[in-house]
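1. Just need the structure, nothing else, for what follows:
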Amino acid sequence: MQPVDEGWQYRWGDSPFLADGTPLWLDEPDSDKHWHDIAFPSNPPGRKGQEHVWFRVTLPEGEWYAPALYIYSVDIILQVWFRGELLYQYGTFDEHGRGKFEGWPWHEIPLPDGYEGETMYFRVFSNYTDIGLWGEVAILDHPDLVLHIVSNSAESLVIAALSGLIALLALVFALIQRRQRSFASIALFAFLTGVMLLAESQASLLILYQPLLWDYLAAGSYYLIPVALALLLSQWLDARRPRLVRWLMWLHLVFAALALMLALLGLVNLSSTFPVFDGVLLISLALMVAVVVRNFSSLYREQQVFLFTCGVFIVLLILDMAVAHGFLPWGRVPVSWGALAFSLALISISVWHYGKTQQALHQLTVQLEHKVAERTARAEALAEREVERSRLLALESKKSQKLADTIAALQDCAGVEEAFQPLLQALPQLYLPIAGCFYRRNPGGGYDRASLWGRSAANTFPPSLTQDLSGLTETVLPVRSQDVPAQLCFLLRIEPAQFGNVPEGVLLLERPNLPDVVKDYGTARVVAWVYQSVEKIGITLSGLALRSELQRFSYEDSLTGLKNRRYFDELFRHEREVAIRSERPLSLLIFDIDHFKRFNDSHGHDAGDEVLRMVGRVLENCFRGSDTVCRYGGEEFTVLMPGASREEARQRAENLRVTIAESQVEYLGKQLGNLTISAGIACWPESSPEFDELFRAADRALYQAKAAGRNRVVTASV
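-> Numbers count the residues shown, from 1 in each chain. So this is what the prediction gives:
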């Protein structure tokens with residue numbers, strides 16, 4: 001993100017509009033005296049009942065693929081003008097420049113080409129307590145904005161889902177244990193918390209872009225949270241007749257109903273109900289805290305823990321309220337942490353109750369042990385089944401260890417192709433005694449048989465598969481053994497896939513032949529284990545593919561196909577140690593293209609790129625396989641020649657110079673003439689006894705070649 005946090009100016013009031021609909025203030029003579037500097041375009045001083053304000057800012061320089069201006073929120077509707085045209089609008093402006101509240105979404109304003117250094121104007125209307133832009137204003141690419149929104153909302157979404165799950169479980173307990181009415185109140189509190197976190201998260205607009213709908217959901221859940229809390233307190237303190245808590249509950253319930261109904265009817269703006277509710281909420285919370293403190297010691301321990309976590313949640317709500325009304329500087333208040341504390345408290349209480357239940361069950365088990373003798377016959381039958389299961393589990397454990405060894409061997413391989421050799425050797429050991437066959441995708445699009453095992457496999461599986469896999473359906477976990485087909489098919493997928501979404505391999509296995517006593521149980525486990533093993537192998541091979549791709553991208557110059565500077569720096573350190581240890585010479589050639597900038601200015605950068613590619617092709621043909629050619633930067637290249645003496649390096653460099661000088665540059669069918677190079681050579685230990693001076697010696701020789709008139713090779717001397 002590139003924050004736009006400097007150079008802001010504001011101007012109170014609304015601009016007159018010209019006949020063509022353009023605001024006069026966009027190009028008003030001597031307008032600078034009417035604009036005033038402001039640190040951030042929010043709540044300028046001296047509002048005095050103003051409902052219209054304009055802001056402007058000069059957009060900074062930046063390099064983006066699909067640039068967009070991101071605004072966290074606006075109070076309450078706005079227009080964005082750029083280059084004398086309306087670029088973006090949220091909300092509806094009437095003839096008086098006013099409009100109704102339409103939600104608090106985040107805004108993404110696409111920026112046109114060449115926006116850098118130009119002025120953007122913001123027209124804002126607000127009859128709310130705040131006016132202007134809010135939170136963050138920054139420039140970034142659209143994909144990065146989506147990731148930013150998702151990452152900022154991930155915590156709230158996860159906790160909202162957890163709150164929803166707790167609400168569902170509490171509702172189930174409320175239906176089972178109808179005498180425990182507090183479960184329903186807990187379910188209501190958790191549900192409202194989850195809805196509020198979801199509705200207030202920025203990612204909600206990625207799910208459904210209906211800002212006003214989400215604001216109504218956020219407002220409704222927010223307004224009803226004190227209702228759920230008061231209802232829970234009234235149930236826990238029922239013996240003490242907490243009338244004050246009940247009155248507060250009905251007060252907030254009536255307020256929520258009236259506020260939402262009047263807003264839906266258009267009699268009031270939904271935004272105007274928030275300040276009123278916040279004031280009422282502060283008073284209500286103070287009264288509830290007074291009631292809780294007076295009766296806190298009489299509550300159960302789990303009730304006290306729950307109220308404490310509710311207190312943490314309420315404190316965070318109050319801090320968020322203070323930020324919303326400008327009492328605290330803008331920042332993201334982690335309200336979701338309070339919801340998380342509430343969720344963890346409920347889970348902890350549930351685990352504690354579960355422990356007590358398990359203890360009671362254990363005591364009951366001890367009392368019922370004398371009845372074991374009556375069930376001996378059944379136990380013997382079960383014992384036979386368990387013996388078969390144990391054998392199956394032992395086999396599964398052995399196979400799992402072999403799978404782990406195979407995965408470890410695959411991870412030690414340099415790439416996918418190298419990994420297939422140990423994989424094909426390990427497949428029979430992984431899946432015997434089940435006969436099977438593995439097919440590997442060939443370059444033509446079909447699948448060739450790469451491995452075959454089992455006595456009956458030769459007559460069961462064909463030598464190849466066609467490209468069309470429509471007849472093969474990947475096996476899923478069966479419910480009963482009779483659901484398993486005669487042949488089980490498992491698809492090995494590797495990401496990133498070389499052929500799109502086509503599997504890299506196909507594993508076919510015969511239907512497992514298991515004893516009847518464990519057929520249903522064992523078949524399901526076998527199929528599940530094979531499925532998981534193929535998935536793990538695919539993930540491992542995908543990791544190898546990704547690692548190879550990353551290594552290639554990090555060490556390769558995308559334009560010429562040569563190694564880049566990073567690769568050269570690492571190799572140079574390595575070759576230094578080898579040369580010192582083996583006491584063999586090491587030569588370094590540095591050259592660049594003469595007058596390359598002038599060539600670019602005359603023929604364009606695309607032609608210059610073609611020159612660089614041509615030089616890369618010439619370099620690959622002029623040096624040994626043991627020599628390393630790198631594009632060091634721009635039009636500068638380096639060649640590292642292990643074992644080459646200074647004279648050998650000079651001859652190769654001279655051959656390169658002549659070859660390039662004789663090569664015609666052709667671009668778009670036009671002959672652009674010839675280019676020359678200037679080169680400097682240094683050799684350790686002939687030119688530079690100190691290894692650390694080798695690069696600088698070659699670089700000095702290059703500059704000597706340029707100073708001597710270019711198109712020449714200069715060898716550094718001691």
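2. Spatially, what comes nearest to residue 105 if we skip its sequence neighbours?
-> Setting aside the residues directly before and after it, residue 105 is nearest to residue 211 in space (CB to CB, 6 or more residues apart in numbering), at 3.8 Å. Any C-beta I mention is one placed from the backbone N, CA and C, and that applies to glycine too.
3. Run a quick check on that neighbour versus residue 107, I expect a contact.
-> No - using CB atoms under 8 Å as the test, residue 211 is too far from residue 107 to be in contact (10.0 Å).
4. Please enumerate the strands of the stretch 401-550 of the chain.
-> In the stretch 401-550 of the chain, the segments counted as strands under DSSP state E, counting those that start in this stretch are 436-441, 447-453, 464-465, 487-492, 505-510.
5. Regarding residue 117, what is its secondary structure?
-> With DSSP: H, G, I helix; E, B strand; the rest coil as the basis, residue 117 sits in coil.
6. now the residue nearest the centre of the chain: how far from residue 71?
-> Central residue of the chain (CA atoms, centre = their mean): residue 147, 5.8 Å from the mean position. Going from residue 147 to residue 71 by CB to CB, to the nearest Å gives 17 Å.
7. what does residue 715 give?
-> With distances taken as CB to CB, residue 715 is found 61 Å from residue 71.
8. Residue 109 too?
-> 7 Å.
9. Looking at those two, which one has more neighbours?
-> residue 71 (23 against 18; other CB atoms under 10 Å).
10. ok now do that one, which residues does it touch?
-> Contacts here follow CB atoms under 8 Å, 6 or more residues apart in numbering; on that basis residue 71 touches 106, 107, 109, 133, 134, 135, 136, 137.
11. Wasn't the last one part of a helix?
-> No - secondary structure of residue 137, determined by three-state DSSP: strand, with no helix assignment.
12. I'd like the distance between residue 225 and residue 188.
-> Relative to residue 188, residue 225 is positioned 9 Å away (CB to CB).
13. Same check on residue 512?
-> Residue 512 is 50 Å from residue 188, by CB to CB.
14. now do residue 645
-> Using CB to CB, one gets 86 Å for the distance from residue 645 to residue 188.
15. More neighbours: which of those two?
-> residue 188 (21 against 15).
16. May I have the helix or strand where the more buried one lies as CSV, with CA atoms only?
-> Assigned by DSSP states H and E, residue 188 belongs to helix 182-200. Written as CSV, here are the backbone C-alpha positions of helix 182-200 (Å, rounded to 0.1, in the frame of the first residue of the first chain):
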residue,chain,number,x,y,z
SER,A,182,-29.8,-19.2,30.2
PHE,A,183,-28.7,-21.4,27.3
ALA,A,184,-31.1,-19.5,25.1
SER,A,185,-29.7,-16.2,26.3
ILE,A,186,-26.2,-17.3,25.7
ALA,A,187,-27.2,-18.5,22.2
LEU,A,188,-28.7,-15.1,21.5
PHE,A,189,-25.6,-13.2,22.8
ALA,A,190,-23.3,-15.4,20.7
PHE,A,191,-25.4,-15.1,17.6
LEU,A,192,-25.7,-11.3,17.8
THR,A,193,-21.9,-11.1,18.4
GLY,A,194,-21.2,-13.2,15.4
VAL,A,195,-23.6,-11.3,13.1
MET,A,196,-22.1,-7.9,14.3
LEU,A,197,-18.5,-9.1,13.6
LEU,A,198,-19.5,-10.4,10.2
ALA,A,199,-21.5,-7.3,9.2
GLU,A,200,-18.8,-4.9,10.4
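17. Can you list the low-confidence ranges for the stretch 351-500 of the chain?
-> Residue ranges of the stretch 351-500 of the chain with pLDDT under 70: 351-355, 357, 373, 376-377, 379-381, 383, 388, 455-459, 466-486, 496-500.
18. Helices of that one, residue ranges please.
-> Ranges of helices within the stretch 351-500 of the chain are 376-411, 416-431, 457-460, based on DSSP state H, counting those that start in this stretch.
19. who wins for proximity to residue 80 among the ones you listed?
-> helix 416-431 (49.3 Å; CB to CB).
20. Summarise which helices and strands that closest one is packed against.
-> Packing partners of helix 416-431 (3 or more CB pairs under 8 Å, 6 or more residues apart in numbering; DSSP states H and E): helix 376-411, strand 436-441, strand 447-453, strand 505-510, helix 519-555.
21. Which secondary structure element of the protein has the lowest mean pLDDT?
-> When each helix and strand of the chain is scored by mean pLDDT, DSSP states H and E, helix 457-460 comes last, with a mean of 66.
22. sorry, back to before: how far does the helix holding residue 188 sit from its chain's centre?
-> Between the mean C-alpha location of helix 182-200 and the chain-wide mean there is a distance of 28 Å, by CA atoms, centre = their mean, to the nearest Å.
23. Pull the number of nearby residues for the nearest residue to residue 171 once chain neighbours are set aside.
-> Using CB to CB, 6+ apart and skipping the chain neighbours, the partner closest in space to residue 171 is residue 187 (4.2 Å). Residue 187: 21 surrounding residues under other CB under 10 Å.
24. List the contacts of residue 187.
-> 166, 167, 168, 170, 171, 174.
25. The second one belongs to a strand?
-> If I follow you right, that is residue 167. No - read with three-state DSSP, residue 167 is helix and lies in no strand.
26. quick one: residue 703 from residue 647, how far?
-> Distance of residue 703 to residue 647, computed by CB to CB: 22 Å.
27. again with residue 692
-> 23 Å.
28. Which one of these two is surrounded by more residues?
-> Between residue 692 and residue 647, residue 647 has the larger neighbour count (other CB under 10 Å), namely 13 against 9.
29. and the more buried one, what element?
-> helix 646-662.
30. ok, and for that helix, which residues are buried?
-> By 16 or more other CB atoms under 10 Å, the buried positions in helix 646-662 come out as 646, 648, 649, 650, 652, 653, 656, 657, 660.
31. What's the mean pLDDT across that helix?
-> Average pLDDT, helix 646-662: 88.
32. contacts for stretch 141-157?
-> Residues outside stretch 141-157 that contact it (CB under 8 Å, 6+ apart): 1, 64-68, 70, 106, 108, 110, 140, 197-198, 200-206, 332, 334-336.
33. Pull the contacting residues for the closest residue to residue 452 other than its chain neighbours.
-> Closest residue to residue 452 apart from its sequence neighbours, by CB to CB, 6+ apart: residue 437 at 4.9 Å. Counting by CB under 8 Å, 6+ apart, residue 437 makes contact with 449, 451, 452, 453, 457, 460, 461, 507, 508.
34. Quick check: beta-bridge partners of residue 437?
-> On the basis of DSSP bridges, residue 437 is bridged to residue 452, residue 508.
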